[in-house]
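**Student:** Return atomic coordinates for the entry below.
(one chain, ligands or ions: 1)
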Amino acid sequence: MTEKNEKNPSGKTPNPQVSRRNLLVGAAAGTIGAAPFAAAPAGAAAAEDVVDLTREHAFYGAAEQAGIRTPPQRYAVYMTFDLTSPRAADLQVLLARWSGAIAQLMKGQTIGPVEPMRNSGVGFDTGEALDLGPASLTVTVGLGPRVFTDAYGLAQRKPALLRELMALPSDTLKPELSGGDLSLQACADDPQVAYHAIRDLARIAKDTGTAATRWTVMGFGRASAGKGQSTPRNLLGFKDGTRNIKDDADFEQFVWTKAGPQWERHGTYQVARKIQMHIENWDTDRVSDQNNVLGRHKISGAPLTGSDEFDTPDFGKKQADGTLIIPATAHIRLAAHENNGGIKILRRSYNYTDGINQFGLLDAGLLFIAYMNDPAHFEAIQTRLGASDGLNEYISHIGSAIFFVPPAPQNGSYIGEALFA
Ligand code: HEM
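**Tutor:** Below is the predicted model of the structure:
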């Protein structure tokens, strides 16, 4: 699969097969005799858990941009940008340059010589991903509401449902962690490959004088599963992604845009939220309480009314004393499509950490990214969660942004080109 290219002249792929789970299982096994506690079963290293760093995804040609339906990779770097040029032509050039660069990066190639070229600005590569494989990199580009204004001659082209999100209950949003005119979501199985992509794309934006960085989150340990992937855990220790959109019919009904002009079709809306978790409070809570907060069992992931992770929750089931088994304030009860008029969203989230805060507490949470064909679906679910979710005691929504993600470009074209036609 690996080809010789400028970045990898030998054609060799270092560490093509890395099983991180194997390493972790091995480490745990080495200490188990001395462990003073009863460990939960670590689980066998599943075949699908082997990371193939030579794997690559195509940038051109599909109906939708990669990085939405793509099985979630291990790491993400998410960044939003403010437009700094008032000229539509500059935006066009940036989207064209980004598209060309992303196509190269997703093949595991450099975007130019590893040498800054004075006065020409944009065409060089910073080099830190040399010798690394494509690592399943995807870069997904979003366009924010302010792109579609008279200033850029695009007011008439605004996707019908694109607007700022409404204020939602429990919002504690910080302006410096919110908004943006453009978004880049880079996901890869190697964190350095994801960061390299964002770094070089941010440099192109800056060097062309078109857009400046606004806020960013580095994510790890995907907190959602694609079809056929085993369900990972978020930083609360719970499996996250069990009841997510996985089937074609749900993607068609709830994720891709169907209406509007041709250039919008097979696009989607991206909602990003930076959700801080008060994990040290959470860690003092008994697991039985934690189970009631989510409505699921921590270790197995099963709903409180079942025994297997994939059992369908029974929201009507009661204890002998008449109380609901899945409490009224449980996260899954409030979020489930059965209790929200049938609506579903695709969650494609990542854990994040910002280290230690000013009080010496662990500063971490969830980079919640969701895709849907109507942002009102996110608002409807978050309106209920923000008002009553038992989880609210342990989380704060501190960042927020919304973007329209146009369909994938065809060969020879660039993201959003039809918008300027
Ligand atoms: C830090 C914040 C959050 C955490 C820790 C969290 C965690 C979880 C967990 C553990 C599950 C159960 C497993 C699963 O089915 O995936 C779940 C389900 C779900 N969550 Fe969240 N979540 C968070 C925020 C949100 C937000 C902001 C939304 C949307 C507004 C949301 C929507 C959902 C939905 C739709 C489900 C599936 C419910 C079902 O059908 O059973 N979550 N979440």
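**Student:** Just give the number of residues close to D171.
**Tutor:** 16 (other Cβ atoms under 10 Å). To be clear about C-beta, it is placed using only N, CA and C from the backbone, and glycine gets the same treatment.
**Student:** residues contacting it?
**Tutor:** G386, H397, S400 (Cβ atoms under 8 Å, 6 or more residues apart in numbering).
**Student:** can we see that at 10 Å?
**Tutor:** D171 sits next to L165, S178, R273, Q382, G386, S396, H397, I398, S400 when contact means Cβ atoms under 10 Å, 6 or more residues apart in numbering.
**Student:** Also G179?
**Tutor:** G179 sits next to 80, 82, 144-146, 164, 173, 214-215, 399-402 when contact means Cβ under 10 Å, 6+ apart.
**Student:** List the contacts of the nearest residue to W263 once chain neighbours are set aside.
**Tutor:** Closest residue to W263 apart from its sequence neighbours, by Cβ to Cβ, 6 or more residues apart in numbering: A418 at 3.6 Å. With contacts defined as Cβ under 10 Å, 6+ apart, A418 is in contact with R157, P261, Q262, W263, E264, P406, P407, P409, Q410.
**Student:** try E128
**Tutor:** Going by Cβ under 10 Å, 6+ apart, E128 touches V114, Q192, V193, Y195, H196, R199, D200.
**Student:** can you redo these as CSV with distance to L391 and secondary structure?
**Tutor:** Compiled in CSV, the contacts of E128 are given as follows (distance: Cβ to Cβ, whole Å; DSSP: H, G, I helix; E, B strand; the rest coil):
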residue, distance to L391, secondary structure
V114, 46, coil
Q192, 33, helix
V193, 32, helix
Y195, 30, helix
H196, 34, helix
R199, 34, helix
D200, 37, helix
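**Student:** contact partners of the helix or strand hosting Y352?
**Tutor:** Per DSSP states H and E: Y352 is located in strand 350-356. Residues outside strand 350-356 that contact it (Cβ under 10 Å, 6+ apart): 72-78, 185, 187, 217-224, 232-236, 240, 274-277, 279, 362-369.
**Student:** Quick check: residues of this protein near the ligand?
**Tutor:** Counting by Cβ under 6 Å from any ligand atom, the residues of the chain close to the ligand are 234, 236, 238-244, 273, 275, 277, 294, 296, 313, 331-332, 335-337, 366, 368, 378, 381-382, 385, 395.
**Student:** now those residues: which count as buried?
**Tutor:** 234, 236, 238-244, 273, 275, 277, 294, 296, 313, 331-332, 335-337, 366, 368, 378, 381-382, 385, 395 (16 or more other Cβ atoms under 10 Å).
**Student:** Filter the contacts of E128 down to the buried ones, ChimeraX style.
**Tutor:** Typed into ChimeraX, the line below selects the buried ones among the contacts of E128, using 16+ other Cβ under 10 Å:
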select :193,195,196,199,200
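**Student:** Could I get the full set of strands for the stretch 51-200 of the chain?
**Tutor:** Using DSSP state E, counting those that start in this stretch, the strands of the stretch 51-200 of the chain run over 51-52, 75-83, 138-143, 182-188.
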